[in-house]
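Enquirer: Following is a predicted model, sequence given first.
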Amino acid sequence: MTRPITVGVDGSAESLAAVHWAAREAVRRGLTLRVVHAWEQDDGADQAAGVGEALRETARDLADRHPDLPVTTDPLDGGPVQALVSEAAEAEMLVLGSRGHGAIVGFLLGSVGQQVIAESGRPVVLVRAGDRADVEAGGREIIVGQQGGPDDSAAALRFAFETAAARGAALRAVRAWSLPTLYTFSPGSMKLLDEAGGLEPYEKKALAEALRPWREQFPDVAVTQHVEIGSAGEVLLSVAARAQLMVVGRRAHRSAVGTRIGSVAHAVMHHAPCPVAVVPPG
């Protein structure tokens, strides 16, 4: 089954940028575009009429810009989080607008956006209001973070390679590492490090092994391997200026105050200047 690219709109400048980003990506991948607006049914008939008109206006704008792109629109009843999560389950990806970075870290997406990202079983892409099409054609890279073993980042790597192939873009795979504490050393780990020639060669080998199946599957994608000491969030943000899209895996954690997104995805979502794709495992 061919899945559409689905984008959530709410009338803001951020969601308008998300619509245009999603439309360009749908054209590149040969997919349909589904534009949805989640609203509470209790908001009344006037709100419903306004939502319907806004969706029709968006469809007209898209028809002018991308006349060959199939577009469907739909107002969604019910709570926005569950409505968008349900839509994401049937989509290739869900695209949302993001307010961008600011001083109050953790309150930049709003509770709806953060809950959708934490609960979605499909990739969620966040787009800033200032996103421009010319950045995608300006030689900038797709940047993807890789952590752990080959299986740990497989979903994020797949998404990144597919996107790079669809755009004819180069890809930069980033793996961050840090000096282990004394207590993490063991005879087994010391043997692996000795065989690899030290910590940094070991990390480079681990990244190469994680990339190998995807490089074989996408031989036309030019790949740069980037291994650097530091926290994963800091290293990814240090190269964000050269990115047209940044891809990170999601590690959601349940807590007493709700679902929390992993620290790496959290840092990139709030501070990267480019669109960010957050990809769930599996």
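Expert: Yep, it's here.
Enquirer: First-to-last residue distance for stretch 161-178?
Expert: Using C-alpha to C-alpha, to the nearest Å, the end-to-end distance of stretch 161-178 comes to 26 Å.
Enquirer: Show me the strands in the stretch 51-200 of the chain, by range?
Expert: For the stretch 51-200 of the chain, the strands defined by DSSP state E, counting those that start in this stretch occupy 71-76, 93-98, 124-128, 141-145, 171-177.
Enquirer: Run me through the strand neighbours of the third one, direction for each.
Expert: Translated: strand 124-128. strand 93-98 (parallel), strand 276-279 (antiparallel) (DSSP bridges).
Enquirer: can you redo those strands as CSV with mean neighbour count and mean pLDDT?
Expert: The way it works is simple: take the backbone N, C-alpha and C, and place the C-beta from them, glycine included. Converted to CSV, the strands paired with strand 124-128 look like this (neighbours: other C-beta atoms under 10 Å; pLDDT from 0 to 100):
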stretch, mean neighbour count, mean pLDDT
strand 93-98, 27, 93
strand 276-279, 26, 96
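Enquirer: Adding distance to Asp74, write these out as a markdown table.
Expert: Shown next, in a markdown table, are the strands paired with strand 124-128 (distance: least, C-beta to C-beta, whole Å):
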| stretch | distance to Asp74 |
| --- | --- |
| strand 93-98 | 14 |
| strand 276-279 | 23 |
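Enquirer: Can I get the strand or helix carrying Thr224 in CSV, CA atoms only?
Expert: When elements are assigned from DSSP states H and E, Thr224 belongs to strand 223-229. Extracted in CSV, the C-alpha atoms of strand 223-229 (Å, rounded to 0.1, in the frame of the first residue of the first chain):
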residue,chain,number,x,y,z
VAL,A,223,28.1,9.6,2.3
THR,A,224,30.5,11.4,4.7
GLN,A,225,31.3,9.7,8.0
HIS,A,226,31.6,12.1,10.8
VAL,A,227,32.9,10.9,14.2
GLU,A,228,33.5,13.4,16.9
ILE,A,229,34.0,13.4,20.7
